[in-house]
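K.L.:
Could you look at this predicted model? Sequence included:
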Amino acid sequence: MNKLEQLKTMTSVVADTGDIEAIKRYLPQDATTNPSLVYKAAQLEQYRPLIEEAAQWASNQSGDVLENTLDMVSVKLGIEILKTVPGYVSTEVDARLSFDTIATINKACRLIALYEDEGVDRSRILIKIASTWEGIQAAKILEEEGITCNLTLLFTMAQAVACAQANITLISPFVGRILDWYKKAEGVDHYPGPQDPGVISVSRIYQYFKTHDYNTIVMGASFRNTEEIECLAGCDKLTISPELLNALSEDQGTLEQALSKETPSQEAKWDILSESQFRWHLNEDAMANEKLAEGIRNFTKDLVLLEQLLTTQYLTELETA
């Protein structure tokens, strides 16, 4: 077996892309999307009929046409992905709502309603929300209402613990973006896999969750190279770009399991985090604080670009038709 096939025997492999053809090629269990990936997919000619359908639908609804189009594009893309993967698809809430609990809840419910109107059961959908305090509180309420969530842009233990304490279905602790920060901050060109700060962070979270019997799924995300992935083999899930999926599929070497739920964490169980404690821990971690803010800004930037694309190429055409 190649390394991708070996990885699938110990970890649930998730495709980090909105490209249907790439998903069909690598046959992952689940798929994740975000505003950047949706924007990239929207520029491909093969998705034009899907977007045209979403825009036409939105023009016949009450409310803001652009917002309705954005929502339906995300849902239509998710539905196409679900035709290929047997598990979840993650659909992200507007990053501009990252600090508004009520608005996040409303948007999540709206997306789920659109999926259900299209005949998709909510059990197939993970609503993807940034791991701000407000986002975690929104996800806690959504989970209680039977809407499963994926908390993203997660860079530090305090975010992970707060999610576990809120009984969130799944978290996406980032690896590569942590590595990026430390390489720049410490002036280091390369860290060996086991010493990679992102690998260390996800390993710590995984072992802590297993030792203290949290049911929240740990899905490592944001990889820069296959070495990071190999060092996290055995994690619950790993969401991987098509480029790195391809690299793993071409590698005929032996892949050893790196993480095991049988390996105990030496970390004592945290007390329930209050809002002030959460914010203090996040503030004390310069990397996490900076990367969370940067991630929200970048997702928002790509969301604005997607809005511009939809307006100029689809909605304007409808107005003049």
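P.N.:
Received, thanks.
K.L.:
all contacts plus neighbour counts: C-alpha atoms, from now on.
P.N.:
Fine.
K.L.:
Could you identify the helix or strand that succeeds whichever strand or helix holds residue 76?
P.N.:
Secondary structure from DSSP states H and E places residue 76 in helix 65-82. Counting by DSSP H and E, the next helix or strand C-terminal to helix 65-82 is strand 89-92.
K.L.:
Give me the mean pLDDT for that next one.
P.N.:
Across strand 89-92, pLDDT averages out at 97.
K.L.:
Also stretch 102-114?
P.N.:
98.
K.L.:
Any regions of the protein where pLDDT drops low?
P.N.:
Residue ranges of the chain with pLDDT under 70: 319-321.
K.L.:
Kindly list the longest helix within it.
P.N.:
helix 286-310 (DSSP state H).
K.L.:
one step back: check which residues of the helix holding residue 76 are buried.
P.N.:
Under the neighbour-count criterion of 16 or more other CA atoms under 10 Å, helix 65-82 has 65-66, 68-79, 81-82 buried.
K.L.:
And it, what does it pack against?
P.N.:
Packing partners of helix 65-82 (3 or more CA pairs under 8 Å, 6 or more residues apart in numbering; DSSP states H and E): helix 20-26, helix 48-59, strand 89-92, helix 101-117, helix 286-310.
K.L.:
quick one, which of the ones you listed is nearest to residue 219?
P.N.:
Residue 219 lies closest to strand 89-92 among the helices and strands packed on helix 65-82, at 12.0 Å (CA to CA).
K.L.:
what sits up against that closest one?
P.N.:
In this structure, residues lying in contact with strand 89-92 by CA atoms under 8 Å, 6 or more residues apart in numbering are 30-35, 74-75, 78, 81-82, 124-129, 150.
K.L.:
if you set the cut-off to 10 Å instead, what comes out?
P.N.:
Applying CA atoms under 10 Å, 6 or more residues apart in numbering, the contact partners of strand 89-92 are 14-16, 18, 29-35, 38, 71, 74-75, 77-82, 107-108, 111-112, 123-130, 148-152, 299.
K.L.:
From those, list the buried ones, please.
P.N.:
The buried subset of the contacts of strand 89-92 - by 16+ other CA under 10 Å - is 14-16, 18, 29-35, 38, 71, 74-75, 77-79, 81-82, 107-108, 111-112, 124-130, 148-152, 299.
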